[in-house]
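K.L.:
Quick one, structure for this:
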Amino acid sequence: MPLSASISIATWNIHKGFSQSNRLVVHELRERLRELSADIVFLQEVQGLHHKHARCHGAWPDQPQHEFLAAEVWPNSAYGRNMVYDHGHHGNAILSRFPILHQHNQDVTHLRFERRGLLHCAIELPRLHRPLHCVCVHLSLLARSRRRQLDALASFLEAEVPADAPLLIAGDFNDWRNQADQWLAQRLGLAEIFSAAGERPTRSFPAALPLFRLDRIYQRGLRVHSAHLHAGPRWSALSDHAALSARLSPVIAVP
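P.N.:
Numbering: from 1, shown residues only. Reported below is the predicted structural model:
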């Protein structure tokens, strides 16, 4: 498939629209996302509702954050509510320039104080005769919980997604020991897009000077043309995580 038929993607943990110094930055964050110009965006720590912030911040958007961020650029969006509290909720989101055929948020919570979900969307791409399956993840801080969540992710996809279907899994894995590869590569045939043979994923946290390999993009059935880490002061002013982006193309297309 020629490069002209490629798609661009990005993933970013947006820290609920606040900087590390607790400054509301969701408006600047929206502009930065638009600069990336990705066709499909995977977002973690997206604030779906927060009554206290809405009262305390005059610039707080009237819409849920995924709708505010998607406005005028990404006509299709999905949100998976994971953490629910008295004054609101937050979770994962996927923004897309292409139609989302269906969506599902799979609860993979292991510990009650750390609720987690996997947001799965089937997306219709031009010239591709089958949907592109996309999963946005934000895994546990605890290794034991991450292992259970990776097993749940693999089991869910084995049951719901054809083994030869194109697949993207992106997000904040919190996996500094790189244990995700054994689950995703061996069970699902996925490859991490930043990893050359024998190497590890790129460092993405903290965004100012990345030391830990927390954020990932895994793919199957796609050709990787380029991959980029967006780190440094310009990005760390908006979130503690660096953003990742890539350009890929499906291997199989309609003639």
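K.L.:
which residues are in contact with stretch 59-66?
P.N.:
By CB atoms under 8 Å, 6 or more residues apart in numbering, the residues outside stretch 59-66 that reach it are 14, 16-17, 24, 26-27, 43, 46-50, 53-54, 68, 71, 77-79, 93, 95. Just so you know, the C-beta spots here come from the backbone N, C-alpha and C atoms, and that holds for glycine as well.
K.L.:
whoops, stretch 152-166 was the one
P.N.:
The contact list for stretch 152-166 (CB under 8 Å, 6+ apart) reads 104, 106, 108, 118, 120, 128, 130-133, 135, 137, 167, 169, 183-184, 187-189, 219-222, 250-252.
K.L.:
of those residues, buried ones?
P.N.:
Using 16 or more other CB atoms under 10 Å as the burial test, the contacts of stretch 152-166 include 106, 108, 118, 120, 128, 130-133, 135, 137, 167, 169, 183-184, 188, 219-222, 250 as buried.
K.L.:
so of those residues, which ones are in strands?
P.N.:
Taking DSSP state E as the definition of strands, the buried ones among the contacts of stretch 152-166 contribute 106, 118, 120, 132-133, 135, 137, 167, 169, 219-220, 222, 250.
K.L.:
Tabulate those (TSV), appending pLDDT.
P.N.:
Shown next, in TSV, are those (pLDDT from 0 to 100):
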residue	pLDDT
Gln106	89
Leu118	93
His120	98
Leu132	97
His133	98
Val135	98
Val137	96
Leu167	97
Ile169	97
Gln219	96
Arg220	95
Leu222	94
Pro250	87
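K.L.:
Go ahead and confirm Asp151 touches Ala180.
P.N.:
No: look at Asp151 against Ala180 with CB atoms under 8 Å: they stay out of range, at 11.1 Å.
K.L.:
low-scoring pLDDT stretches of the stretch 151-255 of the chain, where are they?
P.N.:
Applying pLDDT under 70 to the stretch 151-255 of the chain flags residues 196-198, 252-255.
K.L.:
follow-up on the earlier one: more neighbours, Asp151 and Ala180?
P.N.:
Set Asp151 next to Ala180 and count neighbours by other CB atoms under 10 Å: Ala180 wins out with 25 against 13.
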